[in-house]
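Asks: kindly return the folded structure for what I paste below:
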Amino acid sequence: MARHAQLNNIDHRDLRVVTERGAAWGDDVMSALTFPGEFRNLQACYPIVFQKAADGSFQPVALLGFQTGQNLFLDERGWDALYLPLAIERQPFLIGLSVEGEPMMHIDLDHPRVGKTHGEPLFRTHGGTTEFLDRMASTLQALHEGLQAVPGFVDALLRHDLLESFVLDITLDDGAQHRLAGFYTINEERLSRLDGEALAALHVEGHLEAIYMAIASLSRFRDLIERVRRAQGHA
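Replies: Purely as a prediction, here's the structure:
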């Protein structure tokens, strides 16, 4: 159970946050929320796909595994990728609203990263914030602002009918099978059929680069499949 609290240097002056990466610290997740402005960094490491929320809206995610609780980028050394998604990096911090309705930095006090004996301190002896907390505040702000661009980006994709569902079946050498379903990708063929006016509009709106980054990221599925094989001794 999450227990969120608005961060302050009185109640939380002794808190520390573990910065190691591993399942014990809550990193055993199969995907991470993302936003168009992060696609360029993500596409070198992870497939970018879209999932449908309960309210029917679409959200882009970086795919880390093929099933719930599976993160193929975790090993005994930590996180095995050059770029860490911001939605992962910002844990255990989040944006919450103050009494006045203003966005403020919050912390999940029940997150496994949070404690008082191990990890990075949040506040200095005399109450100032540490460099670590300042960096987390910047990370959280970038994520918060980036996610606000998602609805407009998704609306553009839907306006041009560019999202399609897909199923990925994986058969390992010993016959073991895995299936990934319930996600959506950008239809490259439909994109190629858009006329110049539509492409120009997507460019002016700032969506075109992110579209191509998401398409390019799909080549990373090969890496995910190889990671499954290695994890199960099929390399």
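Asks: can we go C-alpha only for contacts and neighbour counts from here?
Replies: Fine.
Asks: and the residue nearest the centre of the chain, what are its bridge partners?
Replies: Nearest residue to the geometric centre of the chain (CA atoms, centre = their mean): Ala32, 2.7 Å. Note on Ala32: beta-bridge partners by DSSP bridges are Ala62.
Asks: hang on, it packs against Arg90?
Replies: No: the criterion here is CA atoms under 8 Å, and Ala32 misses it with Arg90 at 11.2 Å.
Asks: tell me what the helix or strand encompassing Tyr212 is packed against?
Replies: Applying DSSP states H and E as the criterion places Tyr212 in helix 208-217. If contacts are counted by 3 or more CA pairs under 8 Å, 6 or more residues apart in numbering; DSSP states H and E, helix 208-217 sits against helix 39-42, strand 48-52, strand 177-186, helix 196-204.
Asks: can I get these in TSV with distance to Asp134 and mean pLDDT?
Replies: What follows is those, written out as TSV (distance: least, CA to CA, whole Å; pLDDT from 0 to 100):
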stretch	distance to Asp134	mean pLDDT
helix 39-42	22	98
strand 48-52	28	97
strand 177-186	35	88
helix 196-204	34	95
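Asks: between those, which one is closest to Gln59.
Replies: strand 48-52 (5.4 Å; CA to CA).
Asks: strand partners of that closest one, parallel vs antiparallel please.
Replies: Using DSSP bridges, the strands paired with strand 48-52 are strand 58-63 (antiparallel), strand 177-186 (antiparallel).
Asks: give the buried residues for that strand.
Replies: If you call a residue buried by 16 or more other CA atoms under 10 Å, then strand 48-52 has these buried ones: 48-51.
Asks: repeat for stretch 49-62
Replies: Within stretch 49-62, the residues that count as buried by 16+ other CA under 10 Å are 49-51, 58-62.
Asks: ok, residues contacting the helix ranked longest in the chain?
Replies: Longest helix in the chain, counting residues (DSSP state H): helix 131-147. The contact list for helix 131-147 (CA atoms under 8 Å, 6 or more residues apart in numbering) reads 34-38, 86-87, 89-90, 93-95, 105, 120-123.
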